[in-house]
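1. A predicted structure for the sequence below; I have some questions about it.
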Amino acid sequence: MKKNGFTLIELVVTIIILAILSVIAVPKFIGLQADARLASLQGLKTEMHGVMSVLYPKSVFQGLENKPKPDKENGEENFIVIDGEKVDLVYGYPAADAANSWSKLIMAKFEDSQFNPERPADWYFQNNPAENFILFMPQTKKFKGDNCYLKYTEAQSPTTPPTFEILDSGC
């Protein structure tokens with residue numbers, strides 16, 4: 001009778017071949033993940049630029065381009081209404097505030113990575129309302145210490161527009 005199956009030598013050779021292939025493929029796969037994270041950060045930056053190119057002319061039309069960051073504790077406001085939502089502004093551009101500006105302007109789910117890192121989201125952010133910037137991180141690198149984020153710094157004056165900086169050393 002003839003037995004069907006593999007011999008021990010055939011199994012060992014197959015495992016060795018798979019190991020060699022995985023040693024070759026894994027670094028390329030890791031590189032693809034980093035490229036994908038960087039591309040997603042670039043895509044977010046482009047989307048934010050697109051939003052600002054529509055929002056800023058509307059804020060100029062309403063005379064909001066010279067108004068600084070509002071002092072909400074003293075009842076000051078600086079916002080524009082987009083689709084029935086108040087969007088906080090600084091010199092006519094979106095404020096560095098995820099809850100009161102960017103989450104209303106971009107069709108994506110944002111979560112604070114400091115307080116809600118386990119909630120599923122499209123993007124995670126970290127920002128301190130006392131600071132003039134906000135960090136946006138992709139799903140797989142949701143903390144500032146991962147060094148894979150887009151930093152949006154709000155406008156500093158009527159003549160200084162917002163800036164974007166991508167840190168990708170940890171992507």
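-> Noted; the coordinates are in hand. Residues are numbered from 1 along each chain as shown.
2. Now do the longest helix seen in the chain: which elements does it pack against?
-> Counting by DSSP state H, the longest helix found in the chain is helix 8-61. Judged by 3 or more CB pairs under 8 Å, 6 or more residues apart in numbering; DSSP states H and E, the packing partners of helix 8-61 are strand 79-82, strand 93-94, strand 149-153, strand 163-167. From N, CA and C alone the C-beta is placed, and that goes for glycine too.
3. okay, these, which one's buried deepest?
-> strand 93-94 (a mean of 24; mean count of other CB atoms under 10 Å).
4. need the next SSE after that strand, C-terminal direction.
-> Moving toward the C-terminus from strand 93-94, the next helix or strand (DSSP states H and E) is helix 103-105.
5. Can you list the buried residues in that following helix?
-> Across helix 103-105, burial judged by 16 or more other CB atoms under 10 Å covers 103, 104, 105.
6. cool, and stretch 96-111?
-> For stretch 96-111, using 16+ other CB under 10 Å, the buried residues are 96, 97, 98, 100, 101, 102, 103, 104, 105, 106, 110, 111.
7. Export those residues to a markdown table and append columns for pLDDT and distance to residue 46.
-> Below are those laid out as a markdown table (pLDDT from 0 to 100; distance: CB to CB, whole Å):
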| residue | pLDDT | distance to residue 46 |
| --- | --- | --- |
| 96 | 91 | 18 |
| 97 | 87 | 21 |
| 98 | 86 | 18 |
| 100 | 86 | 22 |
| 101 | 89 | 18 |
| 102 | 91 | 14 |
| 103 | 89 | 18 |
| 104 | 91 | 19 |
| 105 | 92 | 14 |
| 106 | 90 | 11 |
| 110 | 90 | 17 |
| 111 | 90 | 22 |
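8. out of those residues, who's nearest residue 44?
-> Lowest distance from residue 44 to these (CB to CB) belongs to residue 106, with 7.9 Å.
9. Find the residue closest to that closest one in space, skipping its chain neighbours.
-> residue 47 (6.0 Å; CB to CB, 6 or more residues apart in numbering).
10. One more: residue 112?
-> Using CB to CB, 6+ apart, the nearest residue to residue 112 is residue 125, at 6.2 Å.
11. Dead centre of the protein: give me the residue that sits there.
-> By CA atoms, centre = their mean, the chain has its centre lying nearest to residue 136, at 3.4 Å.
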